[in-house]
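Q: Sharing a model prediction with you, sequence too.
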Amino acid sequence: MTRFGLANTVTSIRGLGGLGIVALFAWGSAIPVAAVATVCLILDGVDGRIARRRNEVSRFGAWFDNETDAAITMVLCVGLLVFDVADWWVLAIGALRYLYLLAAVFLPPLRAPLPFSQVRRVIGLGQAILLVVAILMAGLFPDLAADGRLAVLPAVGLLALIWSFGRDTWHQLRA
């Protein structure tokens, strides 16, 4: 029998942090949102290390981690709307994962597991950091959000994600 384990517990705490972020939207202050999101980002680096050190690595754990990442990314994209950092296009960042999964329904090569890629990891983390920094900056400097200058941060993240998803899709379809 497989245990849920400490690593998946940490991932669950991240998921609860994502729900906490949604609750903080009602408060209307970007700084606490950025603080909770930062804790979630830190814990994202911790859960995998715990899993490897405690021999708790599993397919479920990897799936749970990925889906928690995707859900928190979507929540942060909504935060960028709430705090007037970007317009509706920003939801594309959070939607890319789900669009890829939908495409895999119709394109069987996309169902194949992807090989490990440090580039993919760096882009995923980098875009998350850009989202959190944009929310934090909106709280500290609301004028930068109001005039659209902060939108460049999620835009860079979106471009990097499009490149990363495109590269993976291209390789899978050619295999």
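A: Now that the structure is in, tell me what you want to look at. Residues are numbered from 1 along each chain as shown.
Q: Next up, the contacts around the nearest residue to L136 once chain neighbours are set aside.
A: Leaving aside its sequence neighbours, L136 sits nearest to A34 (C-beta to C-beta, 6 or more residues apart in numbering; 3.7 Å). For glycine as for every other residue, the C-beta is placed from the backbone atoms N, C-alpha and C. By C-beta atoms under 8 Å, 6 or more residues apart in numbering, the contact set of A34 is V132, V133, I135, L136, G139.
Q: tally of neighbours for the nearest residue to the last one once chain neighbours are set aside?
A: Using C-beta to C-beta, 6+ apart and skipping the chain neighbours, the partner closest in space to G139 is A30 (3.1 Å). For A30, the tally of surrounding residues (other C-beta atoms under 10 Å) stands at 26.
Q: pretty sure G15 is touching A71, no?
A: Yes: the criterion here is C-beta atoms under 8 Å, and G15 meets it with A71 at 6.9 Å.
Q: centroid residue for this protein?
A: The C-alpha lying nearest the average C-alpha coordinate of the chain belongs to T73 (C-alpha atoms, centre = their mean; 3.3 Å).
Q: Assign it to helix, strand or coil.
A: Assigned by DSSP: H, G, I helix; E, B strand; the rest coil, the conformation of T73 is helix.
Q: Distance-wise, check it relative to P154.
A: Counting by C-beta to C-beta, to the nearest Å, the gap from T73 to P154 is 11 Å.
Q: Which neighbours do those two have in common?
A: Among the neighbours of T73, those also in contact with P154 (C-beta under 8 Å, 6+ apart) are I93, Q127, L131.
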